[in-house]
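give me coordinates for this.
(chains A and B)
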Amino acid sequence: MNDLWNNLNGSPNIQDGGEIGVVTQGSLTEGVEMKLNPDRSVEDVKAGKFVVIEGYKNQFFSMITDLSLDATNPEILLYPPRESDQLLHSVLNGASTYVTVALRPMLMLEQGEEVVDEPRPVKTIPSHFSKVVEAEEEDVSRVFGSEEKDDRFFNMGTPLDMDTPVCINLNRFVERSNGIFGKTGTGKSFLTRLVLCGLIKNKKAVNLIFDMHNEYGFRAMKEGGQGNSFVKGLKQLFGNQVALFSLDPESSRQRGIQPDHEVYITYDQIAVEDVIALQDELQLNPTASESAYLVYAMYKNRWLRQLLSLDGPDVEQFAEDIGANKSSLSALHRKLKRIENFPFMVNSLNGADAVDTMMDYIDRGIHIVLEFGRQTSMLAYLLVANILSRRIHEQYVTKSEKFYASQNSEDQPRPLVITIEEAHKFLNPATARQTIFGTIAREMRKYYVSLLVVDQRPSGIDEEVLSQLGTKITALLNDEKDIQGVLTGVSNASGLRSVLASLDSKQQALVFGHAVPMPVVIKTRDYDEIFYKAMGDLSDEERMEKAEAASAAIFGD
Amino acid sequence: MALTQLDISTEYIGEIVESSTSQFTSESRELNGAPPFGSFVKTLGALPVYGLVFNVCTHSIEPNRRATAYGLTEQELREEQPQIFELLKTEFEAVIIGYGDDRGPQQVLPPQPPGIHSFVFPCTESEIKALTNSGDFLRSILCGNRLPADDLIIASVRNAWAARASDMPYLVGIGKDLCRLIRDDYDRLSSIMRRISQ
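Numbers count the residues shown, from 1 in each chain, chains lettered A, B, ... in the order given. Sure thing, here's the model as predicted:
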């Protein structure tokens, strides 16, 4: 009998596709409302679900953004039927008490039309009583493309409650700077690794990854895993296509990793802008940059070495000599002294300059992961990322200008994507306008360099930068300010807000922006053996077989 | 539907003595033998007409005379005064809820009222199902004059439900129709539904 009542009240086992409701009202600006079919349980309808509204001429691909319980007669709410009165429950369900679902049409396609590169925005709404159905597999591949169709599509996961892959268009992805957000522990690094794998596998751009926590290059700990649960890093998956650079070779070796290169930085390579970027971290006064520029005016590239070589009392005299404010320069001197403690700071280089080596790799299309080892202080990260990116960007500007002049396709630089973590430290409103990352984020693809911004605190990032990010992949965010930050520059953001706050804390993300035709909530792809295989990685046995075959080919049986 | 002469003479339960487009009155074939309140009945004519019994009364055959109390049980009365039962008759009134044409029962008032002296029969199960497959018959009840609407709904829906072997989804569907018809009168709805399912 209980089963019977369940069936009448919207059975949880009604999972088949088909009609889930009809459109009852709505507007273009606010989205449309649907009355849920009484035979559907409200608990099966989740925010973020991908549904299709069947209009007369068009199909509207929509996302569920809100759900509400309504009643035609307030008396029912004052005197709810007793629990034992199942018949009355069933009679009221769908008649006097009903569920309204708010839908946000995200994409409009004529019946049978395919998505072309530039998706058409929704310009109208479906008529009254249009049927709303669950999206089917072909709808998903029609909207998001599929990996089989084209190598620009990369499978990121599946929509909620479905098994068809949702792909992002990598060609469009690399056209802009992008962001990956989510609060701690929601799988940001995992999402980042996934995107990087896509870019590397499909050869859409060269990556430079500032790997603060050593989790991209070689193996990384799997969160929530049991025992020794490690996942493969990019170097393991892509071998020669990825080069490991290390700031702390000792740490790398201790972890059993042999880096391809060690990175050292000389004092002469630090420009005044690099120091300004550390304003927050070093708590520099606003006048510090003026003082630094005064020193720079006198000593040019050697300004920092010169400044740090002084001892306490000499600084005041030095300030007087160059006409700087004594206390300001002393403060700058005192604070910059911290830089001397970093083991990667050297007076002169023994081997090649790290940036030259990196450029050499980048020109050959080899991706670079820079591990920070134990140098996990924010100061080290900011300093190194700034110096290297600034210098690489300078070289890219030169290359791009050369290409613009010659218009020879051989001169065209390879697109470069720089991945930075803790991005709000680089791109906060105070420094974003002055640092290299702010410049890259704003100037977009003019010089073939873009950013992949990874952050847990998007509200700390400059709004202008946020609004310029092309594609945003966002795991769960709780803070209202962060949600608002992520949705900066998105039209009709209100619906996405509730979706974003209701994501699962693991393996779920909202993808929206330039690389997908419409926002979509995905259950992210598993990062497991199947994924490794798809990335072209071989299992141990296969590798052994391949090696044997190769040796047989060379030396004979 | 095609009844033989023999069936007609043995199975009819009443004969129409007063008829209009929306209602008819029949005299029961036997004293106190009227169909139950809320049961579905039909008349056979050029077009069969379907009705729902909403009133049953037994009274003297003489309009100006009333029965008198004797202070005896029915058994004693039958032995001592058998003639008085010949002076009484039972009548029942039915509200018309549809008629039949070549497509089957239609939930619309008939073009012509049933003829006087037509015989009245109980509906078969399949006819009840056809007449009650939507909640439209409830509207006829609610819109009718001087009908005990709530009780008639309860009785008729119970009959319709019984014809469907107590199929619960049917009852829920009728409940939803009723809910709309009585304009979300929650008290009334809950009272009716409770009494139907008792």
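
which residues sit in contact with residue 114?
Defaulting to chain A. By C-beta atoms under 8 Å, 6 or more residues apart in numbering or on different chains, the residues touching A:E114 are A:R142. Where C-beta positions appear, they are placed from N, C-alpha and C, glycine not excepted.

please go with chain B instead
B:P114 sits in contact with B:16, B:19, B:24, B:43, B:45, B:49, B:96, where contact means C-beta under 8 Å, 6+ apart.

relative to B:N32, how far out is the fourth one?
Distance, B:T43 to B:N32, using C-beta to C-beta, to the nearest Å: 21 Å.

between the two, who's got more neighbours?
Set B:T43 next to B:N32 and count neighbours by other C-beta atoms under 10 Å in any protein chain shown: B:T43 wins out with 27 against 12.

the more buried one contacts B:I116, correct?
No - with contacts counted by C-beta atoms under 8 Å, B:T43 stays clear of B:I116, the gap being 10.4 Å.

anything in contact with each of those two?
Listed contacts common to B:T43 and B:I116 are B:I16; contacts here mean C-beta under 8 Å, 6+ apart.

going by secondary structure, the residue of chain B found nearest chain A is in what exactly?
Among the residues of chain B, B:G175 lies nearest to chain A; the distance is 3.2 Å by C-beta to the nearest C-beta. Counting by DSSP states H and E, the element that carries B:G175 is helix B:168-181.

pLDDT averaged over that helix - what is it?
The average of the pLDDT scores along helix B:168-181 is 91.

contacts for it next, please.
Outside helix B:168-181, the residues touching it (C-beta under 8 Å, 6+ apart) are A:4, A:7-8, A:38, A:87-88, A:90-92, A:94-96, B:132, B:134-135, B:138-139, B:142, B:153, B:157, B:160-161, B:164, B:189, B:192-193, B:196-197.

one more: stretch A:26-44?
Among residues not part of stretch A:26-44, those counted as contacts by C-beta under 8 Å, 6+ apart are A:9-12, A:14-15, A:19-25, A:45, A:53, A:62, A:65, A:67, A:69, A:93-95, A:98-105, A:122-126, A:132, A:492, A:495, B:176.

in strands, which of these fall?
Where these overlap with strands, as defined by DSSP state E, the overlap consists of A:19-25, A:53, A:62, A:65, A:67, A:69, A:98-105, A:132.

filter these down to the buried ones.
Applying a neighbour-count criterion of 16 or more other C-beta atoms under 10 Å in any protein chain shown, the buried members of the ones in strands among the contacts of stretch A:26-44 are A:20-23, A:53, A:62, A:65, A:67, A:98-105, A:132.

surely A:T439 is in contact with A:H393?
Yes - A:T439 lies in contact with A:H393 (C-beta under 8 Å); the separation is 7.4 Å.

quick one, strands of chain B?
For chain B, strands defined by DSSP E occupy the ranges B:14-19, B:23-28, B:40-43, B:49-60, B:88-101, B:104-106, B:119-122.

A:T164 is nearest to which of these?
For the strands of chain B, the distance to A:T164 is smallest for strand B:104-106, at 46.6 Å, taking C-beta to C-beta.

could you spell out the sheet neighbours of the closest one, each with its direction?
For strand B:104-106, the paired strands and their directions (DSSP bridges) read strand B:88-101 (antiparallel).

CA-only coordinates of the partner strand in CSV, if you can.
Written as CSV, here are the backbone C-alpha positions of strand B:88-101 (Å, rounded to 0.1, in the frame of the first residue of the first chain):
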residue,chain,number,x,y,z
LEU,B,88,-48.8,3.0,-1.2
LYS,B,89,-46.2,3.5,-3.9
THR,B,90,-42.4,4.3,-4.0
GLU,B,91,-41.1,6.9,-6.4
PHE,B,92,-37.5,7.9,-7.1
GLU,B,93,-36.1,11.0,-8.8
ALA,B,94,-33.0,11.0,-10.9
VAL,B,95,-30.9,13.9,-12.2
ILE,B,96,-29.9,13.4,-15.9
ILE,B,97,-26.2,13.2,-16.4
GLY,B,98,-26.0,12.1,-20.0
TYR,B,99,-27.4,10.1,-22.9
GLY,B,100,-26.2,7.5,-25.3
ASP,B,101,-25.6,7.7,-29.0
